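Q: Here is the input, now give the coordinates:
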Amino acid sequence: MIRLIRRPTPSKFWAWTTPLIAVVATMVAGGLLFALLGKNPVEAIRTIFWEPLFGDNADYFRGQLLVKAGPLILIACGLAVGFRAGIWNIGAEGQYIMGALAGASLALAAYPAESWLLFPAMVVLGALGGLVWAMIPALLKVVFGTSEILVSLMLVYVAQFLLAYMAFGPLKNPEGMGFPGSRNLQQYPAAYNADLIPGTGAHWGVFAALGAVLLVYVLMQRHIAGFRIRVAGEAPRAARFAGVVPARLVMFCLCLSGALAGMAGLFEVSGPSGQITDSFNAGYGFTAIIVTFLGRLHPVGILLAGLLMALTYIGGDMAQLMLGLPSAAIQVFQGMLLFFLLGFDLLTNYRIRLKGARA
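A: Numbering: from 1, shown residues only. Predicted structure coming up:
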């Protein structure tokens, strides 16, 4: 009864409308899910999307919105560059972990030294940690033609095991009475990523995320490198005729996304999280993939999508406490967003026609 007719060119209208439709569809489907769990769906949706912004203690939760959105936006900006070129870094979570480990290791090794140079050095080392971890799938793809999707994803599990080893071993707090985890960097002034504007949640990671949005916008819209990246993703053969070297493009895109993910990990471990533990990784690297697609691979769209996804994190935590929703239901709710986005994205490239209807 239904047939799909390919559009001559992708529809810009549907490209920017489908994310809004996906959000609405997620609310409807999420409401049905919460109803099946025996909860009031309207109250659940209101708790997730309304309470953090306009409910009691909204000032505090708005600050937390920036805290949660910062790493998502920073990681998503790096992923968007690679995705534009058809280079799929699915292992940003591992690069996030390695950046945190690299930067925190420097701070813990220098403890209790006090120097204003310590934190900038941690940021650089965090970026290098993520970059080096991303170079592994980049080099394997360039040299052996392996899939960067599989390699980067498998390296996430390697990074998680390494995180647990460091938390229980070399980075374990010698004054922690045997409990796993490093020293709390929030109690180490030289290494603490404190709020630059007290009470707002705006630490260095938030400003780095805004800087990444500006950097990626200039790169993709105002620089010849961005043009080459877009051409490589849309027409690989034409990109080769235009002088694009695929190996260099793979290295650039994966290393950029790895560096930004590593910085996000460093800002998190030196700020809101505070210490290296075996449960430090919060899934930001995977959630950033949803943010990237929800933002249509555009830095401004990623900024808005990051804030929206951060809202579901905060509202989801509130729904768990206030309504007794299980955490798995909140994760399913977040996953629905990507599911519906990819589904409705069909409208960008195809028209839907009923059989027998005039085209």
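Q: I'd say residue 101 and residue 129 touch.
A: Yes: with contact defined as CB atoms under 8 Å, residue 101 counts as touching residue 129 (6.3 Å). Where C-beta positions appear, they are placed from N, C-alpha and C, glycine not excepted.
Q: Make sure residue 119 is actually in contact with residue 190.
A: Yes: between residue 119 and residue 190 there is a contact at 6.6 Å, judged by CB under 8 Å.
Q: quick one, which of those two is more surrounded?
A: Higher neighbour count among residue 119 and residue 190: residue 119, with 22 against 17, using other CB atoms under 10 Å.
Q: the strands in the stretch 251-359 of the chain, which residues?
A: Here the stretch 251-359 of the chain has its strands, by DSSP state E, counting those that start in this stretch, at 350-354.
Q: quick one, what contacts the one residue sitting closest to the centre of the chain?
A: Residue closest to the mean C-alpha point of the chain, counted by CA atoms, centre = their mean, is residue 288 at 2.3 Å. Residue 288 makes contacts with 71-72, 75-76, 79, 92, 261, as judged by CB atoms under 8 Å, 6 or more residues apart in numbering.
Q: count of residues packed around residue 197?
A: Residue 197 has 11 neighbours, counted by other CB under 10 Å.
Q: brain fart, residue 274
A: 21.
Q: So for residue 357, what's the pLDDT?
A: Model confidence at residue 357, given as pLDDT, is 56.
Q: rewinding a little: of the contacts of residue 288, closest to residue 295?
A: The closest of these to residue 295 turns out to be residue 76 (CB to CB; 6.6 Å).
Q: ok, now which ones touch that closest one?
A: Applying CB under 8 Å, 6+ apart to residue 76 gives the contacts 288-289, 291-292, 295, 302, 305-306.
Q: Retrieve the pLDDT associated with it.
A: Listed pLDDT for residue 76 reads 97.
Q: In the protein, what helix or strand scores lowest on average pLDDT?
A: When each helix and strand of the chain is scored by mean pLDDT, DSSP states H and E, helix 236-241 comes last, with a mean of 81.
Q: what does stretch 86-93 contact?
A: Applying CB under 8 Å, 6+ apart, the contact partners of stretch 86-93 are 75, 78-79, 82, 133-134, 137, 148-149, 151-156, 159, 232-233, 236, 249-250, 253-254, 257-258, 261, 281, 283-286, 288-289.
Q: Show me how far the helix or strand harbouring residue 20 is from its chain's centre.
A: Here residue 20, judged by DSSP states H and E, is contained in helix 12-36. How far helix 12-36 lies from its chain's middle: 20 Å, per CA atoms, centre = their mean, to the nearest Å.
Q: for stretch 118-128, same thing?
A: Centre-to-centre, stretch 118-128 and its host chain are 20 Å apart (CA atoms, centre = their mean).
Q: Would you mind listing the buried residues in it?
A: Across stretch 118-128, burial judged by 16 or more other CB atoms under 10 Å covers 118-119, 122-128.
Q: Ok, stretch 34-53 next?
A: Buried residues in stretch 34-53, counted by 16+ other CB under 10 Å: 34, 39, 41, 44-45, 47-49, 51-52.
Q: Spatially, what comes nearest to the residue nearest to the centre of the chain if we skip its sequence neighbours?
A: residue 75 (3.8 Å; CB to CB, 6 or more residues apart in numbering).
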